[in-house]
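In: Dropping the sequence and predicted coords here.
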Amino acid sequence: MEYNFGEVEKKWQEKWAADKVYKTSIVEGKPKYYVLDMFPYPSGAGLHVGHPLGYIASDIFSRYKKLKGFNVLHPMGYDAYGLPAEQYAIQTGTHPAITTELNLARYREQLDKIGFSYDWDREVRTCDPAYYKWTQWTFIQLFNSWYNKQLDMARPVSELITAFETEGNAAVPAVCNETPVFSASGWKQMSEKEQQEILMNYRLAYLAETAVNWCPALGTVLANDEVSEGYSVRGGHPVERKKMKQWLLRITAYADRLLEGLNTIDWSESIKEIQRNWIGRSEGGSMRFEVMNLPLSRFGGGGTSKTEIEVFTTRPDTIFGATFMVLAPEHELVSKITKPECRKKVDTYLSWAKNRSERERMTEVKKVSGEFTGAYAINPFTNQPIPVWIADYVLMGYGTGAIMAVPAHDSRDFAFARHFSLPVVQVVNKPGHEATDPVTWDESYDSKEGIMINSGFITGMQVKEAISSVIRESEKRGIGTGKINFRLRDAIFSRQRYWGEPFPVYYKDGMPYTLPEDQLPLQLPEVDAYLPTENGEPPLARAKNWKTSEGYSLETNTMPGFAGSSGYYLRYMDPRNDKEYFSKEAVSYWQNVDLYLGGAEHATGHLLYARFWNKFLFDLGYTVTEEPFQKLINQGMIQGRSSFVYRVNPEKMAEYVLWERIKDNKLGVKFVQDYRDGNRKFDYFSPEAKLIIEVKKPKSLEKLVEPYTEYAESKGYKLLMIPMIDFIEPGIDKVVERIVAAIKGEDVPVYIEKKGLDPVPIFISKNYSGRENYSDALHVDINLVHNDMLDIEAFKQWQPHLNKSLFILEDGKYFCGSEVEKMSKSKYNVQNPDDLIERYGADTLRLYEMFLGPLEQSKPWDTSGIEGVFRFIRKFWRLFHDHDINFSVSGEAPIAAELKVLHKTIKKVQEDNERFSFNTAVSAFMICVNELTELKCNKRAILNELVVLVSPYAPHIAEELWQLLGNKGYVCNAVFPEYKPEFTVDNTFAYPVSFNGKMRFTLELPVDMPVLEIEKAVLAASEAQKWLGGLPPKKVIIVPRKIVNVVV
RNA sequence: GCGGAUGUGGCGUAAUUGGUAGCCGCGCCAGACUUAGGAUCUGGUGUCGUGAGACGUGGGGGUUCGAGUCCCUUCAUCCGCACCA
């Protein structure tokens, strides 16, 4: 029987499910291996072929590890909260849970058809109360923790309270928001509310008024990683800065550990680099500059209030070159220090800067703008007064929102100084160069290489030495310290949306408190609409009785998407536990994820939050490893390959084709195109033949016959009016014949009346020369195209208006064009896996997706190669069957050649699996099957092993053959065959013999032949004489079992 | 502008340690079979050249007996970041 993939695949999928073949449990003593796919969000569109690429790879690796004796954890579940379902709910009123449920079912159905080895008993969904109970629980732990810098870990807030009660906050080594210093007695005198407000500055989950990314279109705030270039990543809506009170996670406390941890994990360099950039650690110093002569009257009375501007700089060494200062427009000191005479201009600048969108600000980076405040500060090292400016190239969100400007050694400061004619002083000298007058410079010298000049006590030092000297001196004088600054911001954790986890938080006296853990989960309430209330409160404010049993009102924000996905890999270890997040036993056995597979788009979002989440739980003693994902592989994107048909513009085509026939004196007379005479314009005109030719639709021509004839007669010209339809019927040749006749002076009718045809679309095959001059490319559904050939009948049925289409073919075929683009519905290039499985089966799809190329590389999806893989599957099947396709294997002992093929393949496939080179492994299978077919090998001893080898890639056919071979149990529980080198060794080696590095011939010699004898044998070979040309060789290089190179 | 990655036949790719460039597959060409099909099988297929042979891994240069692989330089494409002090 010819291989019936449909039947076989269905059969085994059902058996696997019925027997729970992929159910996993802890087996003490057996080595574990945890393979995880990135949490999918099941959208309404279902899977396209790009999604399963990673799943297939991880499934192959899971199955392989299982064959190698590992206890493999390979779960799957869904990130089920998300904006699309909620947007749909807003539009239609359908509860997002319903939409989500539908999408999940469809997703699951598609996944099942591909034959994955997931343990579905471990499935989790973020929107399931049994799951989000633990998301809420983690939030409570964050709320009740603070970060101890000294111990470098999170500690309970209760410890903090004890410290405040005994010694106040001055000596507490915490990462916290700015908090006034208080003593133990000060703490005790505070009201509960005041104490809670203080504690809020320390908590790892805290409520604060901050500038947030507000997206009006989505009606919610977004985290930094959810915004790109001023637009929301999801949906592409504009985002603006807005001050709001929001929950935040103090991820910045972990900045250093998040950075350090990158050195311990096996991730691609590019993702690590993206994370490093995102964390943005920079080392430098913080320095305070005193502002001179403040207008004291503004503070009511002649106090001695000292105002200082604090700056952060990575180049404290250049302080002697700091000739002015710049504050961000939003800086709190701006209004305080601005002199009355400058106030008007400053205010104008402030309102201009404020009204500028984020977008404008980003695109106009190169435009220099700013305003002088009138104030001066003292450079603490030069003791010179330097002007204080405001400018929006200084960002409030980074450092202190103020800088000391060193125009000689910072390109932005340089541009600013030039624009406003501020002084530039050189303080670093380029090694090996003389100092020059900065007036002559075209750009600043930003390098960290050089010797200090004009710099007081650091003059003559190297930059590096100068940096530490200045920091030391600043610390001594109490005007600054060494400081490390991060670009990373705390993560905004509130969303003004319905479809997300409710916060386990209620408000008492305006202060937030967390619910007791035994009241979790706090379930998402029902609402009458998924929109904000009239007063702009989030949708949860619509819920009836959204209060605790004591009557305190509950938080109306919900958590963001990354809340549920940050710790899901932990929950898979023990997914049905209702007492704990996960048991101690489970986490100490499964530890962390060994192999994590997913797209690179989560580089700064999920992958950073999950690492933070895990580290926090590690500090609390729940997780057992610092890093959640040991090895990360980012599968490349699958792009779409669009197909095009070319719709002819008949008028343009007729003109183009005709011109090709009459231009360059081809008919013996010269023609010009687009001839003009006054207001009249004609398509072609030959002054020699006094002939005008006009090509148009019959309808247009009819109207023109009269005026044109009149005109032609008045000028003594001949006139030909050719309806476009003539080019198709009777055809271009007949048209040319008429023109030739007219040139010869024969009597040719001006216009032969013709009925215009109904306008039908005309499509021309791709390779007609000149086609691009008269046709437009239109996307055509890729399912109507095979190997770039259009299925014309199917195309006509595709859309009603194409029904009567005409085609201009090449060799009776219509060839389509193609282009690589994003896979999208509107481009008709979406390939859905179900169609391919229907036609070729899941095994072929799995093999083909792997065969496409290296896993991490992006590539266009092109089905033209799938036939080859399909052929391989059938050829593989035929190895086990005789001519009449009856199952037939022999029990005979295999011969050496067969064993060699098998073991060569075992070795290759094992190595390829280990290095995730699945494309080359598929090649190896093809080679193996080709060679065994050649050898007519149907021996059980060989084929049994081969089936195991193939099973991770093509599990269904492998399972069927495994059973036909008479084995007990499932092939997925078999043992990976052992490679035996003795079967692959040869006793001869075909040496490639090169002359001057160019391969000329091969020479078969015994493997163990000594070098000297090889040389003799090579030089004695008859082919060698030709290349030696009678001369003795200069040198002979022999690498045993590799190569011979003769230098002449 | 900065950072990262990638450039090999008509196409997807292979070459794991510096050692026969182009494996495997698609496509194409020729042939066989045939109930004409988008089936199967066989052979061929980097470029130029009738040929011996020459050339050939984006371009240029270098190291080496030998370079797709190492070094320098340059170009192109893709991705990420971008006033980050």
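Out: Okay, I see it. No experiment lies behind these values; they were computed from the predicted model shown.

In: Enumerate the residues of the stretch 701-850 of chain A near RNA strand B.
Out: Residues of the stretch 701-850 of chain A lying close to RNA strand B (C-beta under 7 Å from any atom of the strand) are A:H786, A:N787, A:D791, A:A794, A:R839. Any C-beta I mention is one placed from the backbone N, CA and C, and that applies to glycine too.

In: pLDDT check: weakest of those?
Out: Across the set of those, A:N787 stands lowest in pLDDT, at 67.

In: A:E688: what's it in contact with?
Out: A:V669, A:K670 (C-beta atoms under 8 Å, 6 or more residues apart in numbering).

In: and it, how far is that from A:R680?
Out: 19 Å (C-beta to C-beta, to the nearest Å).

In: circling back: any chance of the residues of the stretch 701-850 of chain A next to RNA strand B in JSON lines, with neighbour count too?
Out: Formatted as JSON lines, those follow (neighbours: other C-beta atoms under 10 Å):
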{"residue": "A:H786", "neighbour count": "15"}
{"residue": "A:N787", "neighbour count": "10"}
{"residue": "A:D791", "neighbour count": "16"}
{"residue": "A:A794", "neighbour count": "13"}
{"residue": "A:R839", "neighbour count": "14"}
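
In: Just the residues you listed: which are in strands?
Out: Among those, the members falling in strands (DSSP state E) are A:H786.

In: Dump the residues of the stretch 701-850 of chain A next to RNA strand B into JSON lines; add distance to A:L778 as well.
Out: Shown next, in JSON lines, are those (distance: C-beta to C-beta, whole Å):
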{"residue": "A:H786", "distance to A:L778": "18"}
{"residue": "A:N787", "distance to A:L778": "19"}
{"residue": "A:D791", "distance to A:L778": "16"}
{"residue": "A:A794", "distance to A:L778": "15"}
{"residue": "A:R839", "distance to A:L778": "25"}
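
In: Up against RNA strand B, what does the stretch 851-1000 of chain A have?
Out: Residues of the stretch 851-1000 of chain A lying near RNA strand B (C-beta under 7 Å from any atom of the strand): A:851-854, A:857-860, A:862, A:864-865, A:867-869, A:871-872, A:874-875, A:908, A:911-912, A:915, A:917, A:919-920, A:923, A:926-927, A:930, A:933, A:990, A:992, A:994, A:996-999.

In: Emit the ChimeraX select command for whichever of those are buried.
Out: This is how ChimeraX selects the buried members of these, with burial counted by 16 or more other C-beta atoms under 10 Å:
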select /A:851,852,859,860,862,869,872,908,912,917,919,920,923,926,994
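
In: Can you flag which of the residues of the stretch 851-1000 of chain A next to RNA strand B belong to strands?
Out: Going by DSSP E, the strands hold A:K859, A:P860, A:A990, A:P992, A:S994, A:K998, A:M999 from these.

In: bridging residues for the fifth one?
Out: What it means is A:S994. A:M999, A:N1045 (DSSP bridges).

In: ok, A:A223 - how many residues close by?
Out: 25 (other C-beta atoms under 10 Å).

In: and it, backbone torsions?
Out: When read as degrees, to the nearest 10, the backbone of A:A223 gives phi -80, psi 160.

In: Go ahead and confirm it touches A:F562.
Out: Yes - the criterion here is C-beta atoms under 8 Å, and A:A223 meets it with A:F562 at 7.2 Å.

In: Now list whatever residues contact both of those two.
Out: A:A491, A:G605.

In: how's chain A carved up into domains?
Out: Per automatic domain parsing, the structural domains of chain A span A:31-127+A:564-637, A:139-252+A:490-561, A:282-485, A:638-827, A:851-983, A:988-1047.

In: name the element A:E849 belongs to?
Out: Taking DSSP states H and E as the definition, one finds A:E849 inside helix A:842-851.

In: Need the residues that contact that helix.
Out: Counting by C-beta under 8 Å, 6+ apart, A:5, A:9, A:49, A:52-53, A:56-57, A:59-60, A:113-115, A:833, A:836-837, A:840, A:865-866, A:869-870, A:872-873, A:918-919, A:921-923, A:925, A:953-957 sit against helix A:842-851.

In: Just the pLDDT for the closest residue to RNA strand B within the stretch 851-1000 of chain A.
Out: Residue nearest to RNA strand B within the stretch 851-1000 of chain A: A:G868 (2.2 Å; C-beta to the nearest atom of the strand). Model confidence at A:G868, given as pLDDT, is 91.

In: tell me the contacts of it?
Out: Contacts of A:G868 by C-beta under 8 Å, 6+ apart: none found.

In: ok so, going back, looking at the domains of chain A, which one is packed in the most?
Out: Ranked by average neighbour count under the criterion mean count of other C-beta atoms under 10 Å, those are headed by domain A:31-127+A:564-637 at a mean of 20.

In: chain center to it: distance?
Out: 17 Å (C-alpha atoms, centre = their mean, to the nearest Å).

In: and if you look at stretch A:316-330?
Out: 38 Å.

In: okay, how far is it across it, tip to tip?
Out: 24 Å (C-alpha to C-alpha, to the nearest Å).

In: Check stretch A:69-84 too.
Out: Per C-alpha to C-alpha, stretch A:69-84 runs 42 Å from first to last residue.

In: Now do that stretch, average pLDDT.
Out: So the average pLDDT for stretch A:69-84 ends up being 93.

In: Equivalent analysis for stretch A:693-702, please.
Out: So the average pLDDT for stretch A:693-702 ends up being 80.

In: do the same with stretch A:44-61
Out: Stretch A:44-61 comes out with an average pLDDT of 88.

In: ditto for stretch A:581-596
Out: On average, stretch A:581-596 scores 96.

In: Which residues does that stretch contact?
Out: Looking at stretch A:581-596 with C-beta under 8 Å, 6+ apart, the contacting residues turn out to be A:26, A:28, A:32-36, A:38, A:58, A:61, A:73, A:134, A:137-138, A:567, A:569-571, A:573-574, A:577, A:614, A:617, A:622-625, A:627-633.

In: contacting residues around the spatially closest residue to A:M76 that is not a sequence neighbour?
Out: Leaving aside its chain neighbours, A:M76 sits nearest to A:Y118 (4.3 Å; criterion: C-beta to C-beta, 6 or more residues apart in numbering). Listed by C-beta under 8 Å, 6+ apart, the contact set of A:Y118 reads A:Y22, A:H74, A:P75, A:M76, A:L111.

In: Same check on A:L53?
Out: Counting by C-beta under 8 Å, 6+ apart, the residues that A:L53 touches are A:Q635, A:G636, A:I638, A:E849, A:L855.

In: Assign a three-state SS to the second one, would you?
Out: Per DSSP: H, G, I helix; E, B strand; the rest coil, the local secondary structure of A:G636 is coil.

In: How about it: what's its closest non-neighbour residue?
Out: A:S858 (3.8 Å).

In: Please name the residues that touch that neighbour.
Out: Contacts of A:S858 (C-beta under 8 Å, 6+ apart): A:G636, A:M637, A:I638, A:Q639.

In: Which residue, other than its chain neighbours, is closest to the second one?
Out: In space, not counting the residues next to it along the chain, A:M637 is nearest to A:S858; the distance is 4.5 Å by C-beta to C-beta, 6+ apart.

In: How about the third one?
Out: With C-beta to C-beta, 6+ apart as the criterion, A:I638 has its nearest non-adjacent residue at 3.5 Å, and that residue is A:G50.

In: A:G168 is in contact with A:G186, correct?
Out: Yes - in this structure, A:G186 is within contact of A:G168 by C-beta under 8 Å, at 6.2 Å.

In: coming back round to it: now the residue nearest to A:M637: how far from A:P525?
Out: A:S858 is 43 Å from A:P525, by C-beta to C-beta.

In: Most proximal residue of the stretch 151-300 of chain A with respect to RNA strand B?
Out: Taking C-beta to the nearest atom of the strand, the stretch 151-300 of chain A has A:S270 as its residue nearest RNA strand B, at 3.4 Å.
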